[in-house]
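1. Sequence and predicted model, in that order:
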Amino acid sequence: MQKLHRVALVTAICLGTFMASLDISIVNVALPTLLSSLNTTMSGLQWVVDAYALCLSALILSSGPLGDRFGRKRIWLGGVALFTAGSLLCALSTSLEGLLAGRIIQGIAGAAVIPGALSLLAHAFPDEQQRVRVIGIWSSVNALSLVVGPILGGILVHTAGWPSIFMINIPIGIVALVLGAIGLKESAHPDHAALDPIGQILSILWLGALTFGLISAGDQGWHSPEARWSLLAALIMFLLFIAVERKVSRPLLPLHLFRQANFSGYNLASAVLGFSSYSSVFFVSLFLQQAQGWSPLETGWRMAPEFIAMALAATSFGRLAARFSVNALAIAGYGLIGVGLLLLAQLQAESAYLHTALFLALLGIGMGLGMPATSALVMRSVPAQRSGMASATMNAVRQTGMTVGIALLGTLMSLHAEQSLNAQLSSQNILHASSIARSAIAEHAFTAGVPQLVELTHAAVASGFSLAMLWAGVVSLAMTLWLGVMLHPRFQLTQESAALSRK
């Protein structure tokens, strides 16, 4: 009977993680379809992804303390139920506002489901060998969700429409709830719960204002009041957040850990990982559909090389680390990410798919090495008793990087594409070139009677994509150089000497 309970527990947690992780990647393939179905704009598409990522990154640090205070099983089951309800709301939405409301609910719930999984597994399997085995299964399911996301999304959008990418979560969520109720045991440590409600509110406000400001800049220009005031508000809220975190007894964000150069440096790498590689999925999907004209189904299959390569590299990481060291793999991973992104920046609307597949595979290998290497470096930089807090911080920072990456790089992409198309139309003496370019790029709406508008728009989108990938690649290569400095033996000795002097 105990074995059946454990099978139910592991299956439930894997299903919950699969569902929440799937919605990070599966939505990207449906973005151009949502553009026309919901009559939205490029900024609306950015919010479809960022509404989920923002709530996930802002709330993920509170998941552990809430589980400690109210019970890990209760919080996790509540997260799965809420995620299922949010998915239903997304599927039934007929407007962008309704879809965003559902995505916000999904993000809030995902913050309880994704990080809570490891804590539940650790408490359910006290034996180290068993724990390592089930965590390996959980990690494989997590990687699988990223692999099948674009492919499954393309099939569902092609055969059943975009609501089906959310409807698929309903049966998964119900099964996870039933198995979780059977297999999970309640555990809580209310005396150790580090709740920080003011810090939590400020973290949501500053990150939300920053995202709104960056997306508004792409929609209305950098000098628009919405962009300027939102970015100013984000700065003020961030400073208030830091002030609160420095004074509260049990802070949401462990600022004292960031005084260590290793911990802060590796978390910066985690932020770059989210900013450059995680956000690139959003742009690759738009490029394949809006610059090269592939359908959602064809796009899903064409994105597969990246995620297959990533899964293969991640599963081989342990063997590779034993031979080459985590340090070497971290530098190699970020270097490959940077090179892969710079190669993607060379793609044009008419580029052959073979080049795209090779560049995506290279990016995937870099991600497959960079992700576990960053985790290992962060865990290595803190004592064992702080590993849970360090893991949650690293994940929150990475999700924040992705949120900012989609907002900022998406703004650069749309503005550059619009300017490029406007210049092309103006050179042909076409009236109202600016408004036509804006409609074609922001809304993918084409004015009749304008020669070669579709071809020119494809080229403009490809140009904007190239700029976004160029900056993402430059940031990744800069982090590669910084990791080379941080992981150099001389730097490590300096940090050890500084730590001893503080003691």
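-> Okay, I see it.
2. Strands along the stretch 401-503 of the chain, start to end?
-> Taking DSSP state E, counting those that start in this stretch, the stretch 401-503 of the chain contains no strands at all.
3. can you give me the helices in it?
-> With helices called from DSSP state H, counting those that start in this stretch, the stretch 401-503 of the chain shows them at 433-442, 453-486, 489-502.
4. is it possible to export those helices to JSON lines including mean neighbour count, mean pLDDT and distance to residue 39?
-> The C-beta positions use only the backbone N, C-alpha and C, and glycine is treated the same way. Shown next, in JSON lines, are the helices of the stretch 401-503 of the chain (neighbours: other Cβ atoms under 10 Å; pLDDT from 0 to 100; distance: least, Cβ to Cβ, whole Å):
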{"stretch": "helix 433-442", "mean neighbour count": "20", "mean pLDDT": "81", "distance to residue 39": "12"}
{"stretch": "helix 453-486", "mean neighbour count": "21", "mean pLDDT": "92", "distance to residue 39": "18"}
{"stretch": "helix 489-502", "mean neighbour count": "11", "mean pLDDT": "54", "distance to residue 39": "53"}
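5. closest one to residue 7 among those helices?
-> Among those, the nearest to residue 7 by Cβ to Cβ is helix 453-486 (40.6 Å).
6. Provide the angle between the direction of that closest one and the direction of helix 433-442.
-> Orientation check (axes from the mean of the first three to the mean of the last three Cα atoms, to 10 degrees): helix 453-486 against helix 433-442 gives 60 degrees.
7. And helix 453-486, what does it pack against?
-> Packed against helix 453-486 by the contact rule (3 or more Cβ pairs under 8 Å, 6 or more residues apart in numbering; DSSP states H and E) you find helix 261-272, helix 279-286, helix 326-344, helix 387-427, helix 433-442.
8. Packing partners of the second one?
-> Taking 3+ Cβ pairs under 8 Å, 6+ apart as contact, the helices and strands that helix 279-286 lies on are helix 2-29, helix 31-37, helix 42-70, helix 296-315, helix 326-344, helix 387-427, helix 453-486.
9. and if you look at the third one?
-> With contacts defined as 3+ Cβ pairs under 8 Å, 6+ apart, the packing partners of helix 326-344 are helix 261-272, helix 279-286, helix 317-324, helix 353-380, helix 453-486.
10. buried residues in that helix?
-> Using 16 or more other Cβ atoms under 10 Å as the test for burial, helix 326-344 gives 326-327, 329-344.
11. thinking again about what came up before, I'd like to know which of the helices of the stretch 401-503 of the chain lies nearest to residue 358.
-> Closest among the helices of the stretch 401-503 of the chain, using Cβ to Cβ: helix 453-486, at 14.7 Å.
12. returning to that earlier point: dump the helices of the stretch 401-503 of the chain into JSON lines; add distance to residue 93 as well.
-> Formatted as JSON lines, the helices of the stretch 401-503 of the chain follow (distance: least, Cβ to Cβ, whole Å):
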{"stretch": "helix 433-442", "distance to residue 93": "21"}
{"stretch": "helix 453-486", "distance to residue 93": "26"}
{"stretch": "helix 489-502", "distance to residue 93": "50"}
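13. So which of those helices is nearest residue 44?
-> Of the helices of the stretch 401-503 of the chain, nearest to residue 44 by Cβ to Cβ is helix 433-442, at 9.0 Å.
14. mind showing which ranges of the chain have poor pLDDT?
-> 1, 128-129, 131-132, 135-136, 139, 187-195, 384-388, 448-449, 490-503 (pLDDT under 70).
15. rerun that using 50 as the cut-off
-> Within the chain, the set of residues satisfying pLDDT under 50 comprises 1, 496-503.
16. Around residue 44, count how many other residues there are.
-> Neighbour count of residue 44, defined by other Cβ atoms under 10 Å: 21.
17. From residue 322, how far off is it?
-> With distances taken as Cβ to Cβ, to the nearest Å, residue 44 is found 47 Å from residue 322.
18. Out of the helices and strands packed on helix 326-344, which is closest to residue 30?
-> Nearest to residue 30 among the helices and strands packed on helix 326-344 is helix 279-286 (8.6 Å), distances taken as Cβ to Cβ.
19. With only the CA atoms kept, save the closest one in PDB.
-> The C-alpha coordinates for helix 279-286 follow below in PDB (Å, rounded to 0.1, in the frame of the first residue of the first chain):
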ATOM      1  CA  SER A 279      13.200  34.600 -24.000                       C
ATOM      2  CA  SER A 280      14.500  33.600 -27.400                       C
ATOM      3  CA  VAL A 281      11.700  31.000 -27.700                       C
ATOM      4  CA  PHE A 282       9.200  33.800 -28.000                       C
ATOM      5  CA  PHE A 283      11.200  35.500 -30.800                       C
ATOM      6  CA  VAL A 284      12.000  32.300 -32.700                       C
ATOM      7  CA  SER A 285       8.300  31.400 -32.900                       C
ATOM      8  CA  LEU A 286       7.400  34.900 -34.200                       C
END
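20. Please state the offset of that helix from the chain centre?
-> From the chain centre to the centre of helix 279-286 is a distance of 11 Å (Cα atoms, centre = their mean, to the nearest Å).
21. ok, now stretch 446-458?
-> The answer for stretch 446-458 is 33 Å, by Cα atoms, centre = their mean.
22. Mind listing residues that contact it?
-> With contacts defined as Cβ atoms under 8 Å, 6 or more residues apart in numbering, stretch 446-458 is touched by 290-293, 349, 421, 424-425, 428, 430, 436, 439-441, 444.
23. among those, which two are most distant?
-> Taking Cβ to Cβ, no two of the contacts of stretch 446-458 sit farther apart than 292 and 430, at 24.0 Å.
24. Tell me who's in contact with residue 105.
-> When contacts are counted by Cβ under 8 Å, 6+ apart, residue 105 touches 82-83, 85-86, 89.
25. and it, what helix or strand is that in?
-> With elements taken from DSSP states H and E, the one containing residue 105 is helix 96-113.
26. Around residue 51, how many other residues sit close by?
-> Residue 51, neighbours per other Cβ under 10 Å, totals 22.
27. OK, contacts around it?
-> Applying Cβ under 8 Å, 6+ apart, the residues near residue 51 are 100, 103-104, 107.
28. Scan the residues you listed and report the most crowded one.
-> Of all these, the most densely surrounded is residue 103 (27 neighbours; neighbours counted as other Cβ under 10 Å).
29. picking that back up, relative to residue 37, which of the helices of the stretch 401-503 of the chain is closest?
-> Taking Cβ to Cβ, helix 433-442 is the member of those nearest to residue 37, at 15.7 Å.
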